[in-house]
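Novice: Give the three-dimensional model of this entry:
(one chain, ligands or ions: 1)
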Amino acid sequence: MTETMSVDSDAGAESRDSSLAAAIDVCDPAPLLMSLVHVTGDLGLLDEFGARLTIGEPGNHYRTGTRPAVPPGQYPADVVADIRARAHELLTPDMVDRLGVPDRETFLHMAKVATSERVDEEFVPILLEQAGFVLGERCVPVTVTPPTDFSVIVIGAGIVGVNAAIKLGDAGFTYRVFESRDEIGGTWSRNTYPGAAVDTPSHYYSYSFELNPDWSKYYPSGTEYQRYLKGVVDTYGIAENISFRTRVLSACWLDDQHVWEVTTESADGSREVHRAKAVVTALGMLNSPNIPDVEGLDSFGGTVVHTADWDEDLDLTGKRVIVLGTGCTSVQVVASIVDKVKALDVVVRSPHWIVPEKSVVNDVPDGEKWALAHIPRYHEWFRLRSYWFASDNLYTLPRIDPEWAKTHFSASPANEMVLETARNYLQASFADRPDLIEKLTPDFRPYGKRIVKDPGFFKALTREHVTLHRASFERVTTDGVITTEGRFVPADVIILATGFELEFTTSIDISGRDGRTLADLWKNGDDPRAYLGIQVSGFPNLFVTAGPNSAPNHGAGHNILSEEHVHYIIECLQYLLENGHDAMDVRQDVLDEYNRKVDEALDKTVWVHPGTNVNGYYRNSQGRAVVPCPWRLVDYWTLLREPNPDAFDFIDPTVERIEG
Ligand code: NAP
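Specialist: Residues are numbered from 1 along each chain as shown. Sure, this is the predicted structure:
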């Protein structure tokens, strides 16, 4: 028995040894070097290797418009070889983290070497949190435990709602989540079209407090992402606080009682009224499918399907398929179905700028997964780099340099670099198809609409059975489509990859202090304005997550918004408790001033600049950009650390309530 055990454990140790060796050979050398520092506690490694790196200004190549010889963050080959050699020498299967969470000075030094860029002090708190080194730290002092009657209703169980549930629970608040669907996942429960995938890197597009070393791809499929979210729900045991198949119909603030009255409807049509001190909407903004108003669409004899309402039983094998649209969704669908269908016609009204991104479809090698799971702090540094290179380094990309823009199609030297990348990719993909290059060249500046990362769209367009039409639908007949070019395209299936009608919580009847509805105030969602993208005057204790001008459209992903918004909400609620208030209502003058600054900052971007003639869901009917957040990620994150009491009118408990 003893002998068998020893043989087994020998085998275990051997396999761990060989897994470690294999991981060292394939994993990313920069986080590996940081792990060496953690495991040995030897800060001298930073000086030794740092001296062999060129430490650049962050995003400098974007500012100057010059491509660096070595891409940012990539170490020279001799440095990589030496790091791997040292790792083979210093790492052992029983390695532990001796350094722990580094102090600020050490962390800055490490971050600089890890990114080979200058990292300023102001980034330390956001990087420590976003990399997963520290869990969101509370700012408002916590001396009062939330009473049970100070409850919170969360609407929606996607990436924000699940996070809100976890953090409200952690902070001791009584809460309930209402979700109209029968499962969690929000966007990733709804969008199940072929090829549905996240276009933000997996190891970053996840909660910083729930790192997942097992992502199978560098960009996860929608299904894998939803599986991750479900796992998080299980880990935190919050499913019992979520009411599925329950739609929120209305939320009404009762000004005399300082509570929200929320009416829900279950799948069987039964209605219930609930009361809560605060309401958090976690609905996202892209829920309502945009169905084009085209003559004859209803009379089509085949199948019409919008990507957000995908029919799992729809078999496209051997079918003639038309795809309308050319955004992130369309390119994923086209790349995914091209091998299955008999004929594929892609109808493009206005092309987007598309860039190559090899790792969009790449699997994560086993060695990388092993390193993420087992090498101390490797995951945190891997994630830090993933965030760093897709965050405020990209801040300049959508911003107009007025002098440059006078004489260039692009907006700035940085914007020019993206333009060049996209144009080169077009040229290289269709060297012998000038017709496709012409049809696929957008007439607006890069970043005017979301940049699309190619999962295989361009390659699909070169296939013999695929035709691209730079057109729209003129009319749909019983057996096909007549395009605006006057061509008839026969079809069995029409896939509408036409995106969404922007919705800012207007699907719910939300009424505030004076009975006015949010939909009215926001002109049915066309002109939404909120303080910090979250709070609206006259709607006390209403927190609109992913509200107007809060989306990180220059970099990062919806995950950072989820974390910073939820953090801010908990801070606001705790502030109320600590100070004996019932509710907070943002002052109108503060909201107006905040929005004046938002508009001023947006004026200098490709999203609204008069010279950038671009449609798309970022802008409202008046051309105002209502989706993008104009601030650097670090600035917006800092603004959301805790509420500024001067921005609010507070509502205190009535005498009756205190006596009761
Ligand atoms: P989208 O970016 O709004 O693109 C919709 C496409 O449909 C555009 O090409 C648009 O053309 C076209 N279109 C709309 N109405 C049309 C009409 N009546 N006739 C002809 N063409 C029409 O929508 P999406 O691709 O679904 O993406 C929406 C957002 O969802 C993305 O920006 C992204 O934020 C998110 N998304 C994310 C992922 C992810 O990986 N995380 C994946 C998919 C989607 P025009 O440009 O001419 O209007």
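Novice: who touches the nearest residue to Lys112 once chain neighbours are set aside in this structure?
Specialist: Using C-beta to C-beta, 6 or more residues apart in numbering and skipping the chain neighbours, the partner closest in space to Lys112 is Val119 (5.1 Å). Placement of C-beta: from N, CA and C, glycine included. By C-beta atoms under 8 Å, 6 or more residues apart in numbering, the contact set of Val119 is 58, 108, 111-112, 127, 388.
Novice: what do you get if the cut-off is 10 Å, keeping everything else the same?
Specialist: Val119 makes contact with 55, 58, 107-113, 127, 384, 388, according to C-beta atoms under 10 Å, 6 or more residues apart in numbering.
Novice: now, which of these lie within strands?
Specialist: Using DSSP state E, no member of those falls within strands.
Novice: Which of the residues you listed has the largest number of neighbours?
Specialist: Leu384 (27 neighbours; other C-beta atoms under 10 Å).
Novice: Verify the contact between it and Glu117 for me.
Specialist: No: in this structure Leu384 lies outside contact range of Glu117 using C-beta atoms under 10 Å: 11.7 Å.
Novice: Please report the distance of Arg423 from the ligand.
Specialist: 19 Å (C-beta to the nearest ligand atom, to the nearest Å).
Novice: For that residue, what are phi and psi?
Specialist: phi -70, psi -40 (degrees, to the nearest 10).
Novice: For the contacts of Val119, please prepare JSON lines with the additional fields distance to the ligand.
Specialist: JSON lines is the format used below for the contacts of Val119 (distance: C-beta to the nearest ligand atom, whole Å):
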{"residue": "Ile55", "distance to the ligand": "32"}
{"residue": "Pro58", "distance to the ligand": "25"}
{"residue": "Phe107", "distance to the ligand": "30"}
{"residue": "Leu108", "distance to the ligand": "32"}
{"residue": "His109", "distance to the ligand": "34"}
{"residue": "Met110", "distance to the ligand": "30"}
{"residue": "Ala111", "distance to the ligand": "27"}
{"residue": "Lys112", "distance to the ligand": "31"}
{"residue": "Val113", "distance to the ligand": "31"}
{"residue": "Leu127", "distance to the ligand": "23"}
{"residue": "Leu384", "distance to the ligand": "21"}
{"residue": "Trp388", "distance to the ligand": "20"}
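Novice: So which of those residues sits lowest on pLDDT?
Specialist: Ranked by pLDDT, the contacts of Val119 bottom out at Pro58, which scores 83.
Novice: Could you list the residues of the stretch 251-400 of the chain in contact with the ligand?
Specialist: By C-beta under 6 Å from any ligand atom, the residues of the stretch 251-400 of the chain that approach the ligand are 286, 290, 292, 324-330, 349-350.
Novice: between those residues, which is nearest Ala69?
Specialist: Cys328 (31.5 Å; C-beta to C-beta).
Novice: and which of the residues of the stretch 251-400 of the chain next to the ligand is nearest Gly12?
Specialist: The nearest member of these to Gly12, counting by C-beta to C-beta, is Cys328 at 44.1 Å.
Novice: Check the burial of that closest one by counting its neighbours.
Specialist: 21.
Novice: Got the phi and psi for it?
Specialist: Torsion angles, degrees, to the nearest 10, at Cys328: phi -60, psi -40.
Novice: correct me, but it touches Phe500?
Specialist: No: the criterion here is C-beta under 10 Å, and Cys328 misses it with Phe500 at 11.5 Å.
Novice: Identify the residues contacting Val634.
Specialist: Contacts of Val634 (C-beta under 10 Å, 6+ apart): 120, 122-127, 130, 391-392, 395.
Novice: give me that answer again for 7 Å
Specialist: 122-123, 126, 392 (C-beta atoms under 7 Å, 6 or more residues apart in numbering).
Novice: neighbours of the residue lying closest to it once chain neighbours are set aside, just the number please.
Specialist: Spatially, and ignoring its direct neighbours in sequence, Val634 is nearest to Ile126 (5.3 Å; C-beta to C-beta, 6+ apart). Counted with other C-beta under 10 Å, the neighbours of Ile126 add up to 20.
Novice: For Thr329, see how far away the residue of the stretch 51-200 of the chain found nearest the ligand is.
Specialist: As assessed by C-beta to the nearest ligand atom, the ligand sits closest to Asp199 within the stretch 51-200 of the chain, at 3.3 Å. Going from Asp199 to Thr329 by C-beta to C-beta, to the nearest Å gives 10 Å.
Novice: same question, Ala335
Specialist: Distance, Ala335 to Thr329, by C-beta to C-beta: 11 Å.
Novice: more crowded one of these two?
Specialist: Between Ala335 and Thr329, counting by other C-beta under 10 Å, Thr329 is the more crowded of the two (25 against 22).
Novice: The more buried one contacts Ala308, doesn't it?
Specialist: No: in this structure Thr329 lies outside contact range of Ala308 using C-beta atoms under 7 Å: 8.2 Å.
Novice: where does Thr263 land in three-state SS?
Specialist: The three-state label given to Thr263 by DSSP: H, G, I helix; E, B strand; the rest coil is strand.
Novice: Local confidence estimate at it?
Specialist: Thr263 is given a pLDDT of 98.
Novice: Where helices are concerned, which of the residues of the stretch 251-400 of the chain next to the ligand count?
Specialist: 328-330 (DSSP state H).
Novice: before we move on, the earlier item: drop anything exposed from the residues of the stretch 251-400 of the chain next to the ligand.
Specialist: 286, 290, 324-330, 349 (16 or more other C-beta atoms under 10 Å).
Novice: any idea which of those residues is least confident?
Specialist: Leu286 (86).
Novice: nearest spatial neighbour of it, skipping sequence neighbours?
Specialist: Phe500 is the one closest to Leu286 (C-beta to C-beta, 6+ apart), at 4.0 Å.
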